[in-house]
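**Student:** got a predicted structure plus its sequence, pasted below:
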There are 2 protein chains.
Amino acid sequence: MRGAASSCKSCSLRTVCAVNPDELSCSRQMDDLILGYRHVKKGVALYRAGDAFSNLYAVRTGSYKKVTLLADGREQVTGFYVSGELLGADGIATDHYASDVVALEDSSVCVMPFDLLELLSREVKAVQHNVFRMLSADLVRESNALILLGTMTADERVAAFLLDLSSRWQARAYSPNAFGLRMTREETGSFLGLKLETVSRTLSRFQKQGLIKVRGKEVEILDFPGLNQVARRTV
Amino acid sequence: MRGAASSCKSCSLRTVCAVNPDELSCSRQMDDLILGYRHVKKGVALYRAGDAFSNLYAVRTGSYKKVTLLADGREQVTGFYVSGELLGADGIATDHYASDVVALEDSSVCVMPFDLLELLSREVKAVQHNVFRMLSADLVRESNALILLGTMTADERVAAFLLDLSSRWQARAYSPNAFGLRMTREETGSFLGLKLETVSRTLSRFQKQGLIKVRGKEVEILDFPGLNQVARRTV
DNA sequence: CGAGTGTTTGATTTCTGTCAATGCTGGTGG
DNA sequence: CCACCAGCATTGACAGAAATCAAACACTCG
């Protein structure tokens, strides 16, 4: 467990926090912003729906699922988050978080007290701009998820899901060809608006078609153009 | 067409712009912010995906649909917007709008140049806080739409849709019992992830069940508890 | 090594989409 | 003012995709 004294200069999220990672004056101020790290064990909630809102979080390590609950107990995974992504923005509107965020593996976050972030946003234009951009990017991400759920078939959803994961790993300098799914088939299905059996069947069929190789949670993409075609994207 | 000189004091959106509508100093500053009004004829786009981002818009009168396009030409309605609601936030992330927004009837918006909004946000804490809240509220709204598309049956979607419209009309001091749908069955279906025939059938069945009365675009809710039950909400 | 969770696969059902025909309504122009 | 037209809505019959129910299998973690 790292202390609050850790510097943002060593944080892989500097590019998230600062518009320009070379902009030292900014990242120095980010040091004031990051209260510290918080480690979250697999299966444990970073926060729960209804908790009083006070912090935004930036994923440092590991991965998380965001789960939204219905009144009748049904729940849906509304997002997966990996390093560099922002958590907690759904709490700003009502001063209470609107969802549960649970670690899919042992993970950690940077803790950013929102009042400090507001303060810093007022002082440093670049920080303000970046906070707005992060919130807006969240909106765009959710819009894309809406399209996925609203207009796509099961095949298209699974293909798009794999390609999305691939590009996110690539953006983090990991292999876009082979990666481990952190989530179960059920969680994947919940996110994609499908049942776990459908996800499993679809992955199996993709394998038969030579598009991918699956073995449990390990996935390898063998045919990107083919998968893109299934997802009906223009490469 | 009103000019830029119009005052926010006479704008129905003051409660959106200012945290506290009585806070005159704030609303005076909002006058500087609102560049002016823009009228949008039925069927005309307020902005299109890819347009350079420069303004946020607050709906003054009328109603709008937000449409997101897929690469292959398919499109989905990702939201309906009425007075007091915020448009354009999806453009912040990339400096280009990510969707089309089209007026469903002759409508108007307040134009808020984003750079001015950023400036004012840095100067006035209350404005900053409110902008964050509006963006966050957008996120929560989209999360709810995700749940609708991800876990609900056709009946539940249509019931939830009617109840959502009802509460939005009520919040604007219109009758929550009877209102006119501004959107076609096809647009409704696109938003709900259903085909227009399914929407039509479901509405007809709800009417047979005595839950609502439909006549074309006119809807009257006869049995709120019943409709809530169909939507599987806790009143 | 065993228990329990997670995954795969199969058989069947159900819901929603698709295709098709008809009807309504509001706007336009003669 | 009325008739016509085009877009929108309703309804029916049928097909198809994904859910459900069910069983067996594979990991992984004590």
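**Tutor:** Alright, I've got the coordinates. Residues are numbered from 1 along each chain as shown, chains lettered A, B, ... in the order given.

**Student:** helices along chain A, start to end?
**Tutor:** All helices of chain A, identified by DSSP state H, fall at A:14-17, A:24-33, A:114-123, A:125-151, A:154-171, A:185-192, A:196-208, A:224-230.

**Student:** which residue packs closest to A:Ser190, ignoring adjacent ones?
**Tutor:** Using C-beta to C-beta, 6 or more residues apart in numbering or on different chains and skipping residues adjacent in sequence, the residue nearest A:Ser190 is A:Val77, 4.2 Å away. Quick note: C-beta positions are derived from backbone N, CA and C, even for glycine.

**Student:** pull out the buried positions in stretch A:107-125.
**Tutor:** A:107-112, A:114, A:117-122, A:124 (16 or more other C-beta atoms under 10 Å in any protein chain shown).

**Student:** stretch A:75-84 too?
**Tutor:** For stretch A:75-84, using 16+ other C-beta under 10 Å, the buried residues are A:Glu75, A:Gln76, A:Val77, A:Thr78, A:Gly79, A:Phe80, A:Tyr81, A:Val82, A:Ser83, A:Gly84.

**Student:** excluding sequence neighbours, find me the nearest residue to the first one.
**Tutor:** In this case it means A:Glu75. That would be A:Leu69: by C-beta to C-beta, 6+ apart, it lies 4.7 Å from A:Glu75.

**Student:** for A:Ser99, see how far away that neighbour is.
**Tutor:** A:Leu69 sits 8 Å away from A:Ser99, going by C-beta to C-beta, to the nearest Å.

**Student:** find residues that contact each of these two.
**Tutor:** Jointly contacting A:Leu69 and A:Ser99 under the rule C-beta atoms under 8 Å, 6 or more residues apart in numbering or on different chains are A:Ala49.

**Student:** neighbour count winner among the two?
**Tutor:** The residue with more neighbours, out of A:Leu69 and A:Ser99, is A:Ser99; 27 against 16, by other C-beta atoms under 10 Å in any protein chain shown.

**Student:** which ones are touching that one?
**Tutor:** Taking C-beta under 8 Å, 6+ apart, one finds A:Ala49, A:Lys66, A:Val67, A:Thr68, A:Leu69, A:Thr78, A:Asp90, B:Ser143 in contact with A:Ser99.

**Student:** in these, find the pair that's most separated.
**Tutor:** Spatially, the most separated pair among the contacts of A:Ser99 is A:Leu69 and A:Asp90, at 12.6 Å (C-beta to C-beta).

**Student:** beta-bridge partners for the residue most central in space within chain A, please?
**Tutor:** Using C-alpha atoms, centre = their mean, the residue of chain A that lies closest to the mean C-alpha position is A:Tyr81, 1.7 Å off. When bridges are called by DSSP bridges, A:Tyr81 pairs up with A:Tyr64.

**Student:** state the distance from it to A:Tyr47.
**Tutor:** On the measure of C-beta to C-beta, A:Tyr81 and A:Tyr47 end up 13 Å apart.

**Student:** one more: A:Tyr57?
**Tutor:** Computed as C-beta to C-beta, the A:Tyr57 to A:Tyr47 distance reads 8 Å.

**Student:** mind listing what the residue nearest to A:Ala98 when sequence neighbours are not counted touches?
**Tutor:** The shortest distance from A:Ala98 to any non-neighbouring residue, by C-beta to C-beta, 6+ apart, is to A:Asp90 (4.2 Å). Residues near A:Asp90 by C-beta under 8 Å, 6+ apart: A:Tyr97, A:Ala98, A:Ser99, B:Ser136, B:Leu139, B:Val140, B:Ser143.

**Student:** then A:Glu218?
**Tutor:** Contacts of A:Glu218 (C-beta under 8 Å, 6+ apart): A:Ala178, A:Phe179, A:Gly180, A:Leu181.

**Student:** quickly list the domain ranges of chain A.
**Tutor:** A:8-138, A:152-230 (automatic domain parsing).

**Student:** save those domains as a markdown table, and put in mean pLDDT and distance to DNA strand D too.
**Tutor:** Putting these into a markdown table (pLDDT from 0 to 100; distance: least, C-beta to the nearest atom of the strand, whole Å) gives the following:
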| stretch | mean pLDDT | distance to DNA strand D |
| --- | --- | --- |
| domain A:8-138 | 83 | 9 |
| domain A:152-230 | 95 | 3 |
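
**Student:** closest one to B:Leu162 among those domains?
**Tutor:** Closest among those, using C-beta to C-beta: domain A:8-138, at 16.8 Å.
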